[in-house]
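J.: Below are the sequence and a predicted model for it; my questions follow.
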Amino acid sequence: MNKVATVALLHLFLSASVSGDGSTETVVTAAPGDVALLPCYTAGNVTPSLTTWLKNGREVNISDDISGGPSPAGGRLAVLHDGSLNIMRVIAGDEGSYMCNSTLPDSSSFQAHVLLQVANVPDTHPDCMYVPAQDPSQVQFICSWLGVYPPPKLRWGEDGAFQVTNSLSVTMNGSLLSDGQTMKCTAQHQLLGPGKEKSCSLTLKLPYPKGEPLATALEATSVTLTCSETTSFPPANTVWRKGLQHDSIVSGSKYVLSPEGLVFKLTILNVSHDDEGVYFCHSENPLAVRELEVYLTVKKASSAYTGAIIGVFIAALIVGSAVIVAKTLYSSRHRICLGGDFGQIEEDRGDMLSLVESDDEQFFQDAVPRLPPVTNDCHTTLVQIHRMPSSDHEDAETADTSPQQLEDTEQAEDPEDLVTF
């Protein structure tokens, strides 16, 4: 506290001027925690018999705290014998315009005006912000630090000169700026001490609109194109444009523009074939211009139904083909299991194969020629082939044939009808 008070006292100054009515105006600057003396000068330094003080037009009660609250024990305010107002442990609420009214021994009166300014440095940092310039190719940055007294010294960048002000603006051409560049404002104040500074900064970013590049709509319906731009700084100006000529789009009976924060929507009403083509979501800030290209395809309503019908037909055709193939395979399962040759014999000749047990070999020995012995000592099994009648005519012939003729016929069969297992 003593260090702060010492620094403040070094910067305490008084300046006086005489107003038109002969009263004196004095400016007093003090730091928080310091002692401020508000003088009430009288002609010839005559000691007044009575002195009262007003702050901002309201009488100051010495028993009260002039900041608005009750005076602490021992009091912070005192009127000296010469009429001056002594303020102990100055706070920010003491700042204001004061006036003393003194009554001299000869019953004459005297007034003096005093402006008390309390030096103050808040705990906050300066504020950096962007303000659109009249020229779109330029950008204006503002650095402000309010509530600081005396005014701080502000500077944009690293190499510029400091200026004593509570708000400092700078206008720059967009061509001198780049993506990712940082704009920094630095603040200095006498109460911060040498080498201590506060600052704020802004990081510049290019616009980058995002959305779906393709859209489809049916004739006589409505379609909404959506684009969002959330990354740029300074904030980009985003609009919708149409065609290779980048024609401007305005809300009306055909188009409805509905920005929702950082999302920009374009609704096309009663879509026709003329609406087909390319649309641009155009985003621009002082750094650059970026566009999202969206291509709109318009289809006839009938073509949609035709496509659905074709799709259903193809699906039904595939399912039907699968059913037919499955049914065919199921009905021919015995042929597939026996093999292609036996299946062909059964189909063409209508023959039926009967396996004969070894006990019955003697019965057929005289009717069927003996096979030559097998060199590998394998046993043979005789297969008797019966021809199934294929027509009523064959049935009649079979009925008329005597048993002797049937036996002769079986003996005359080609040996190749016998199968060895």
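T.: Okay, I see it.

J.: Over to the residue lying closest to Glu59 once chain neighbours are set aside: give its phi and psi.
T.: Leaving aside its chain neighbours, Glu59 sits nearest to Thr52 (6.3 Å; criterion: CB to CB, 6 or more residues apart in numbering). Where you see a C-beta, it was placed from the backbone N, CA and C, and this is true even at glycine. The phi/psi pair for Thr52 (degrees, to the nearest 10) reads phi -130, psi 150.

J.: Format the CA atom coordinates belonging to stretch 289-303 as CSV.
T.: Extracted C-alpha coordinates of stretch 289-303, given in CSV (Å, rounded to 0.1, in the frame of the first residue of the first chain):
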residue,chain,number,x,y,z
VAL,A,289,-13.6,-15.0,-50.6
ARG,A,290,-14.7,-18.6,-50.4
GLU,A,291,-17.6,-20.4,-52.0
LEU,A,292,-19.5,-23.7,-51.5
GLU,A,293,-20.8,-25.1,-54.9
VAL,A,294,-24.1,-26.9,-54.7
TYR,A,295,-25.6,-28.6,-57.8
LEU,A,296,-29.4,-29.0,-57.9
THR,A,297,-30.9,-31.8,-60.1
VAL,A,298,-34.6,-31.6,-60.9
LYS,A,299,-36.5,-34.7,-61.8
LYS,A,300,-40.0,-35.2,-63.2
ALA,A,301,-42.5,-36.7,-60.9
SER,A,302,-43.4,-39.5,-63.4
SER,A,303,-39.8,-40.6,-63.7
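
J.: Return the set of buried residues in that stretch.
T.: For stretch 289-303, the neighbour count (16 or more other CB atoms under 10 Å) marks 290-292, 294, 296, 298-299 as buried.

J.: Between those, which sits nearest Asn166?
T.: Checking these against Asn166 with CB to CB, the nearest one is Arg290 at 36.5 Å.

J.: quick one, what contacts the residue lying closest to the closest one once chain neighbours are set aside?
T.: Of all residues not flanking Arg290 in the chain, Pro207 sits nearest, at 4.6 Å (CB to CB, 6+ apart). Residues near Pro207 by CB atoms under 8 Å, 6 or more residues apart in numbering: 229, 231-232, 236, 238, 283-285, 287-290.

J.: that older thread, burial count for the residue nearest to Glu59?
T.: Thr52 has 17 neighbours, counted by other CB atoms under 10 Å.

J.: For the top strand by length along the chain, which strands pair with it and how are they oriented?
T.: Identified as the longest strand of the chain according to DSSP state E is strand 288-299. Take DSSP bridges as the rule and strand 288-299 pairs in its sheet with strand 214-218 (parallel), strand 277-285 (antiparallel).

J.: And the helix or strand following that strand, what's buried?
T.: Counting by DSSP states H and E, the next helix or strand C-terminal to strand 288-299 is helix 301-331. Counting neighbours by 16+ other CB under 10 Å, one finds that helix 301-331 has no buried residues.
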